[in-house]
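**Q** Let's see this in three dimensions:
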Amino acid sequence: MRARSLALALMLAVAPTATATAAHAQEIGLAVGTKAPGAAVQTLDGKPADLAQYIGKGPVLIEFWATWCENCRALEPQIQAVAKKYAGKLRLVGVAVSVNQSAQRVRTYQQRHPFPGTLVFDKDGNATGAYDVPATSYIVILDKTGRVVYSGLGSEQQLDAAVRKAL
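**A** As a prediction, this is how the structure comes out:
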């Protein structure tokens, strides 16, 4: 587990630089058509949760992010826009990775930059492993049955078009 965490930390530290200008939709992570897995995570107050509770109950956008991720910050306006445009039709879940951050740091960031959905903390890396997360700013969009209709990485993803695939 420690080797896996170290490898993930290295990937997350390097990947944002490599993907800062281009989205890599459909080329990484979970394949389109795949049934999304559940994964044990925590609420920001440390209670157990599972991504399975959001899957198969309607379209959902899941973003794997970090407070220190520049690409994630660049995606914030798009995340806010799709949240507003598809309010009541799309659930948003932010999965804060545990590399170089804590639940407290995520809570503090959330107070200054509110996420328009549910935030969870991937303390043990279960979700990043289950979703084959290549780096922060990784987005997975699921349809109402819980199947992947889109996965992308980087700051220039076309989230509105991707969300329409899920509706």
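
**Q** phi, psi of Gly38?
**A** phi -80, psi 170 (degrees, to the nearest 10).

**Q** For it, the count of nearby residues, please.
**A** 16 (other Cβ atoms under 10 Å). Backbone N, C-alpha and C define where each C-beta goes, glycine included.

**Q** okay but it is in contact with Ala49, surely?
**A** No - using Cβ atoms under 8 Å as the test, Gly38 is too far from Ala49 to be in contact (10.1 Å).

**Q** Ala103 contacts Val41, correct?
**A** No - taking contacts as Cβ under 8 Å, Ala103 lies outside contact range of Val41: 10.6 Å.

**Q** okay, these two: which has more neighbours?
**A** For Ala103 versus Val41, neighbours defined as other Cβ under 10 Å are more numerous around Val41 (25 against 18).

**Q** Can you tell me the centre-most residue of the chain?
**A** Glu63 (1.7 Å; Cα atoms, centre = their mean).

**Q** List the beta-bridge partners for it.
**A** Assessed by DSSP bridges, Glu63 has beta-bridge partners Gly94, Ile139.

**Q** Now do the same contact list for it.
**A** Shown in contact with Glu63 (Cβ atoms under 8 Å, 6 or more residues apart in numbering): 72, 75, 79, 92-95, 137-139.

**Q** let's go with 10 Å and repeat that
**A** Glu63 sits next to 69, 72, 75-76, 79, 92-96, 115, 117, 119, 136-141, 157, 159 when contact means Cβ atoms under 10 Å, 6 or more residues apart in numbering.

**Q** before we move on, what about Lys89?
**A** Contacts of Lys89 (Cβ under 10 Å, 6+ apart): 58-59, 82, 144, 163, 166-167.

**Q** before we move on, what about Gly117?
**A** 54, 60-63, 79, 83, 90-94.

**Q** low-confidence ranges in the chain?
**A** Along the chain, the parts satisfying pLDDT under 70 run over 1-27.

**Q** Since that was my last question, I'll sign off now.
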